[in-house]
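Enquirer: All I have is the shape, not the residue letters:
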């Protein structure tokens, strides 16, 4: 019985790795605003700040699957954007550190006063906010075209 469990675990791990390779590498989401701003300035790329409720907000979850995780967006973001996730999960298993929660609330207080989810703030590479938007069911190409206006 124990060998079967180990074999199943190994199979599950292999399938997970294959799925990850088949869908491509996910983009690198920063969680620290100051670090993301430094990367943005150093690389001359716009910073995209995304306010979300990753485990309770239906439109946030949909946007994550249909836009952020799409092959087209992942490829585009890797070369053109710095991504910052400002998450507000509700489930205990997804809880953030106390420090991260404080940072996220401070960002929301400054950049997302109405508390809209998902909410996106675009910053230029100098750290200045230049645009805001929410989720529109337009797909990744819509967002790529929009963000492309702010690239360099």
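Expert: Everything's here; your move. All figures in this text were calculated on a predicted structure; none of them were measured in a lab.

Enquirer: do you know how far the most centrally placed residue in the chain is from residue 34?
Expert: Centroid-nearest residue in the chain: residue 85, 4.7 Å away (criterion: C-alpha atoms, centre = their mean). Remark: distance between residue 85 and residue 34 (C-beta to C-beta, to the nearest Å) = 15 Å. No exception for glycine: its C-beta is placed from N, CA and C like everyone else's.

Enquirer: quick one: low-confidence ranges for this structure?
Expert: 1-26, 152 (pLDDT under 70).

Enquirer: Can you show me the strands along it?
Expert: With DSSP state E, the ranges of strands along the chain come out as 29-30, 47-52, 82-87, 119-123, 129-134.

Enquirer: Single out the most deeply packed of the ones you listed.
Expert: Comparing these by mean neighbour count (mean count of other C-beta atoms under 10 Å), strand 47-52 ranks first with a mean of 24.

Enquirer: That one packs against which elements?
Expert: Identification of packing neighbours for strand 47-52 by 3 or more C-beta pairs under 8 Å, 6 or more residues apart in numbering; DSSP states H and E yields helix 33-43, strand 82-87, helix 98-111, strand 119-123.
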